[in-house]
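> Sequence plus the predicted model coming up.
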Amino acid sequence: MGAWHNAWKTFFDLVTFQTQLNTALLNSIKGVEIPPTLLERVGVIASKDLQFGDYQSNAAMMLAKMLQKNPRELAQEIIDKIEVDELAELSIAGPGFINFKLKPEAFEAQLLELANDERCGVPEVDAKQTYVIDFSSPNVAKPMHVGHIRSTIIGDALSRISRFLGHEVITDNHIGDWGTQFGMVIWAWKQEVDEAALKQAPLQELLRLYRLASNASKENEEIKNACRQELVQLQAGDAENTAIWERAVQLSKQGLQEIYTRLDVSFDHWLGESAYNAELAGTVQELLEAGIAAENDGAICVFSGGTREKKKDPFMKRDADTKEWADFPMIIQKSDGAYNYATTDLATLAYRRDHWKPDRVLYVVDHRQGAHFHQLFDIAERTNYPAELHHVAFGTICGKDGKPLKTRAGDLPQLDDVLNEAVEAAQKVIAEKSHLDTEEEKVELAENIGLASVKFTELSHNRMSDYNFDLDKMVALEGDTAPYLMYSYVRPQSIFRKLEQEFTLPASVTLTEPQEIHLARMLSRFGEVLPLVLEDYRPNLLTTYLLELARAFHSFFEACPVLKSEGEVQASRLTLCYTTAKTLKKGLSLLGIKAPEKM
Ligand code: ARG
């Protein structure tokens, strides 16, 4: 195997099987002019079912029509020409699929490459871009609730993954620090702020004030007006109200920071809504001048650009009963002169363009804001905005009963409480099952498992679907859970601790058992799967992959003794263990999860 491996060595560095096979395939059909629309579809993809080999291509079928040939004959021509003898065995299936079954030698060589590669076989992207990721973005002066969990966790994972793939990533916490809630907070603050409580638990005290005003204004029209008046005063720059607002924002940020620290989430910027106050008048003016906005009943609005089909026009709406189409404008300045969420988002677009020059901006925000973002993106297009804009939307977290998660009092649970409950559930599992010696280690592990479980559960669901929050299931060692993956990392680590001599990677490996080969196969796919996450911003592709890798590891581990084996067999198996642990650790870290060394 040695000579063979060396011959491929330069070729192999960091190149995934998929890329190697694709290159060979394209070389074999070099003379053929392939229209760009077809090019993407002639490529080699991983087979869903291994009975069709490791990879498949339907190139022959795609091209046969164009070349007026029989697809099976064309497939044979490709097979005769393609240079992958050392890598794979080829066969034709059905109407002209080409199947590639990788040879054990190919897995052996790739495993060695992966074992020696710091990036676990994940190539950096060729076309590096600048991404701005707008995520978490809670409304301050109210504690972050469970609804913000999804944005925070998905946004953080996407940031980590895009950075690792080589993109330039700028993260921005666009907090809601200028909303109507401040009218209420200021009113209640003036009535009865408790300074001691404010020092002790600022978020709780702010929430108490907010609730006080919000409940009172529901019952009392006068109080409602008084709150609105406080807001008008604040927006007019009143000194006392500004001072209260500044303190409230400051305290909220501190409280939020504690949660982010606990979750190991960080931002490059915290440019909240208020950061754009000075830009709002100019933003509206520009859109008026460009003829995109117009006055309507005293308000300034943006209407349809008139270039889209009504069905696809975010500024048109169809009445459910009459079926009549009507304008659905975006208000950017109300008739009382006030600016709103939309104005701020328009100003934010300009700021990001001028300061960060992004290629893409991702907004990781609840799907219920879909209409807002459609309108925003449409306006951006009409002003020739130079970046791609994406709303990375997500659904709702539900309780075990399938209804949106609520506390007993009927409120949305606070994020902190959710995390604490997850840690408590983890403590129970650890008390029963852990092999850790000290209490301190157990406490640390419970915190880790609790947070990891919340993150993993979030990330393992398709982001658009609602999911049920079931703590006991989330922290269980068995099942598709974070602890299962952590355990799959700890297992090989413990082998290395038991090993009498220091482990160094061997110069060659041999893989003979089907479980060894399958594990090597799964390891080789990491670099193919990870880039797919960014195609549609789906971290669940990574969680699915990691679970599959872990299962491949456990089957290998059951079938193939490691410590009891010897010589080259042992060295090869240790290389599998080593590479699995490394890949799991990397994959988990991209989800924002720390792999423990012991459990
Ligand atoms: N603060 C908003 C909310 O909690 C989310 C902001 C999202 N980002 C944005 N640029 N609109 O609903």
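Received, thanks. Numbering: from 1, shown residues only.
> Now stretch 217-225: buried residues?
By neighbour count, with 16 or more other CB atoms under 10 Å as the criterion, the buried positions of stretch 217-225 are 217, 223-224. Just so you know, the C-beta spots here come from the backbone N, C-alpha and C atoms, and that holds for glycine as well.
> cool, stretch 266-274 as well?
Under the neighbour-count rule (16+ other CB under 10 Å), stretch 266-274 has 267, 269-274 buried.
> tell me which of those residues is nearest to Cys577?
Of all the buried residues of stretch 266-274, Phe267 has the smallest distance to Cys577: 36.7 Å, by CB to CB.
> backbone phi and psi for the closest one, please?
As for Phe267, its main-chain torsions (degrees, to the nearest 10) stand at phi -130, psi 150.
> Please report how far it lies from the ligand.
As defined by CB to the nearest ligand atom, to the nearest Å, Phe267 lies at a distance of 13 Å from the ligand.
> ok, now Ile78?
Using CB to the nearest ligand atom, Ile78 is found at 49 Å from the ligand.
> Same check on Thr438?
Distance, Thr438 to the ligand, by CB to the nearest ligand atom: 41 Å.
> What is the neighbour count of that residue?
In terms of burial, Thr438 registers 8 neighbours under the definition other CB atoms under 10 Å.
> Give me the pLDDT for it.
At Thr438, the model reports a pLDDT of 92.
> and if you look at Lys30?
Confidence per residue is given as pLDDT, and for Lys30 that number is 85.
> Tell me the residues on the stretch 251-400 of the chain that lie near the ligand, please.
By the criterion of CB under 6 Å from any ligand atom, the positions of the stretch 251-400 of the chain lying close to the ligand are 345, 348, 363, 365.
> Rebuild those as JSON lines, extending it with secondary structure.
Written out in JSON lines, the entries for these read as follows (DSSP: H, G, I helix; E, B strand; the rest coil):
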{"residue": "Asp345", "secondary structure": "helix"}
{"residue": "Thr348", "secondary structure": "helix"}
{"residue": "Tyr363", "secondary structure": "strand"}
{"residue": "Val365", "secondary structure": "strand"}
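> Minimum pLDDT in those residues, which residue is that?
Scanning these for pLDDT, the smallest score is found at Val365, 95.
> what sits against Leu376?
Leu376 makes contact with 330, 342, 345-346, 349, 389 under the criterion CB atoms under 8 Å, 6 or more residues apart in numbering.
> Buried members of those into PyMOL, please.
Burial among the contacts of Leu376 is assessed by 16+ other CB under 10 Å; the matching PyMOL selection reads:
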select buried, resi 330+342+345+346+349+389
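> between the contacts of Leu376, which is closest to the ligand?
Nearest to the ligand, judged by CB to the nearest ligand atom, of the contacts of Leu376 is Asp345 at 5.1 Å.
> so what's the closest one closest to, chain neighbours aside?
Counting by CB to CB, 6 or more residues apart in numbering, the nearest residue to Asp345 once its immediate chain neighbours are dropped is Leu376, at 5.4 Å.
> distance of that neighbour from Met316?
Computed as CB to CB, to the nearest Å, the Leu376 to Met316 distance reads 16 Å.
> Confirm that Glu89 sits in a helix.
No: following the definition three-state DSSP, Glu89 is strand and is not counted among the residues of a helix.
> burial measure for the residue lying closest to it once chain neighbours are set aside, as a count.
Excluding its sequence neighbours, the residue lying closest to Glu89 (CB to CB, 6+ apart) is Lys101, at 4.7 Å. Using other CB under 10 Å, Lys101 is surrounded by 17 other residues.
> Same question for Asp437.
The criterion is other CB under 10 Å. On that basis, Asp437 has 9 neighbouring residues.
> can you check Thr580 too?
For Thr580, using other CB under 10 Å, the count is 25.
> likewise Gln375?
Neighbours of Gln375 under the rule other CB under 10 Å: 20.
> Number of residues surrounding the residue nearest to Leu534 when sequence neighbours are not counted?
What sits nearest to Leu534 in space, not counting adjacent residues and going by CB to CB, 6+ apart, is Ser162, at 6.1 Å. One way to gauge burial is a neighbour count; for Ser162, by other CB under 10 Å, it gives 22.
> pretty sure Ser162 contacts Thr130?
No: in terms of CB atoms under 8 Å, Ser162 does not count as a neighbour of Thr130; the distance is 10.1 Å.
> wait, Arg573 sits on Leu563?
No: assessed by CB under 8 Å, Arg573 is found out of contact with Leu563, at 9.1 Å.
> Pick out whichever of these two has more residues nearby.
Neighbour tally, Arg573 and Leu563, criterion other CB under 10 Å: the higher count belongs to Arg573, 25 against 12.
> quick one: average pLDDT of the host helix or strand of the more buried one?
In this assignment (DSSP states H and E), Arg573 forms part of helix 567-590. The average pLDDT within helix 567-590 is 98.
> Kindly report the same for stretch 183-190.
Averaged over stretch 183-190, pLDDT sits at 96.
> before we move on, what about stretch 254-264?
Here stretch 254-264 scores 93 as its mean pLDDT.
> continuing past the lowest-mean-pLDDT helix or strand in the chain, what's the next helix or strand?
Ranking every helix and strand in the chain by mean pLDDT, DSSP states H and E puts helix 2-12 at the bottom, with a mean of 40. Taking DSSP H and E as the definition, the helix or strand that follows helix 2-12 towards the C-terminus is helix 17-28.
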